[in-house]
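> For reference, the sequence and a predicted model appear below.
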Amino acid sequence: MRAGGAARRVAILGSTGSIGRQALDVVEALAGRVRVVALAARRDAAALAEQAVRWQPEAVALTDPQAVEEFRQMAAHWHGELLVGPQALEEVARWPSADVVLVAVVGVAGLLPSLAAVEAGKELALANKETLVAAGELVRERAASRAARIVPVDGEHSAIYQCLRAERRDRVSRIVLTASGGPFLRRSLESMEAATPEEALQHPTWRMGPKITVDSATLMNKALEVIEARWLFDLPPERIEVLIHPQSVVHGMVEFVDGSSLAHLSRPDMRLFIQYALSGMDRLPPGFGRLDWTVPHTLTFEPPDLRRFPCLGYAYEALAVGGTLPAVLNAANEVAVQRFLDREVPFGRIPKLVRAAMDLHEPRSRPTLEEILEADRWARALVRSL
């Protein structure tokens, strides 16, 4: 809640996607504590029109101009400002009345609106891994210059963020991100190579969009989270570890120099972490992540197998080299995953395409925004051509 008990005003970028829809579930559950002032999507005009009529935001953005006519026909009962085109996401991110901007668009498309939000002094609720992977140092510097707070929405980073809130950073020994292991944790390496998109999209615990679900199958989602954690928590890579935890109950752990650890436990429900960010880090009902402790629970942990999940090792390599290499890793993966979903390459080819892009790239140190975006474009073009 804002001062005086007024509702927090939120702009949601990627409102028609998985995280965006769950965010609107949270807004409904919070019953007046959060108000939607802006929504943005790429091209899903029908879903966006339905949301606009339901939530009556001040502004709605569509980045695809070809979807505008369909939206207008279906949103006749909404009366606000319609923003259209490639810059529309950034306009929503700077929307004057918004207190908090939830960036839930997929891929590096979240980078420019995230920068726009922090440069406007907004609180950034970040559900887009690629922003900090591609330009973590740059985003953090610009947020600090405007005293803009970045609150992670990813479950693992939110868990670490919550465990650290009342703790001194110089007392932290390491942080541990947990990974479910995805649908292929116990599958033979040979059969993984030929896995189909349908198989890769059958995640055992989480319900997510197709890109991040495939990333979970390759463990690239955890690779990206390691890089993201480096910038969110200002920790060197050697103090960021990953453990396989198939039950997805422990979302993150912090170990302190005295040997004690704090862990965040909940059901695997993204709405819990979205609510924490949108509510201003308050703890409110209805309790999306509530666990039933009246039934037995078995929690297991094991180190990841880098032969099965080589992408995780690539993250530490990209962090060690730095510069534009993390942006190349991310962009190569985005294109490789899409080619897999389009059935152009087999599942086992995804890490090989990422490896090829990393090997062929000549990293630039302390890159400008344009150098980061150029590295992103280069990697995409390369992986499309291989």
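Yep, that arrived.
> what separates stretch 247-261 from the chain centre, distance-wise?
Centroid separation for stretch 247-261 versus its chain: 21 Å, with C-alpha atoms, centre = their mean, to the nearest Å.
> Could you tell me which residues within that stretch count as buried?
Neighbour counts over stretch 247-261 (16 or more other C-beta atoms under 10 Å) mark 247-255 as buried. Glycine gets a C-beta too; all of them are placed from N, C-alpha and C.
> Can you give me every residue that contacts Ala143?
Contacts for Ala143 were tallied using C-beta atoms under 8 Å, 6 or more residues apart in numbering; they are 118, 124, 149-150.
> now swap in Glu317 and tell me
325, 358 are the contacts of Glu317 under C-beta under 8 Å, 6+ apart.
> Quick check: it is in a strand.
No. Secondary structure assignment (DSSP: H, G, I helix; E, B strand; the rest coil) places Glu317 in helix, not in a strand.
> Would you mind measuring from it to Val328?
Separation of Glu317 from Val328 (C-beta to C-beta, to the nearest Å) stands at 11 Å.
> who touches both of the two?
Joint contacts of Glu317 and Val328 (C-beta under 8 Å, 6+ apart) are Met358.
> Can you show me the strands along the protein?
8-13, 34-41, 59-62, 81-84, 100-103, 123-126, 150-152, 172-179, 240-244, 250-256, 261-265 (DSSP state E).
> could these be laid out in a markdown table, adding mean pLDDT and distance to Glu344?
Below are these laid out as a markdown table (pLDDT from 0 to 100; distance: least, C-beta to C-beta, whole Å):
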| stretch | mean pLDDT | distance to Glu344 |
| --- | --- | --- |
| strand 8-13 | 98 | 29 |
| strand 34-41 | 97 | 26 |
| strand 59-62 | 98 | 28 |
| strand 81-84 | 97 | 31 |
| strand 100-103 | 98 | 29 |
| strand 123-126 | 98 | 31 |
| strand 150-152 | 97 | 33 |
| strand 172-179 | 97 | 27 |
| strand 240-244 | 98 | 29 |
| strand 250-256 | 98 | 34 |
| strand 261-265 | 97 | 39 |
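> Nearest residue to Trp78 in space, please, no chain neighbours.
Excluding the flanking residues, the one nearest Trp78 by C-beta to C-beta, 6 or more residues apart in numbering is Ala52, at 4.1 Å.
> okay, and for the stretch 51-200 of the chain, where does confidence drop off?
Within the stretch 51-200 of the chain, not a single segment meets pLDDT under 70.
> picking up where we left off before, I'd like to know which of the buried residues of stretch 247-261 is nearest to Gln275.
His251 (14.3 Å; C-beta to C-beta).
> Quick one: residues contacting that closest one.
So His251 contacts 155-156, 158-159, 178, 264-266, 268 (C-beta under 8 Å, 6+ apart).
> Reformat these as a markdown table; add neighbour count and distance to Asn333.
A markdown table is the format used below for the contacts of His251 (neighbours: other C-beta atoms under 10 Å; distance: C-beta to C-beta, whole Å):
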| residue | neighbour count | distance to Asn333 |
| --- | --- | --- |
| Gly155 | 25 | 20 |
| Glu156 | 26 | 18 |
| Ser158 | 26 | 23 |
| Ala159 | 28 | 23 |
| Thr178 | 27 | 21 |
| His264 | 22 | 27 |
| Leu265 | 16 | 30 |
| Ser266 | 19 | 28 |
| Pro268 | 17 | 23 |
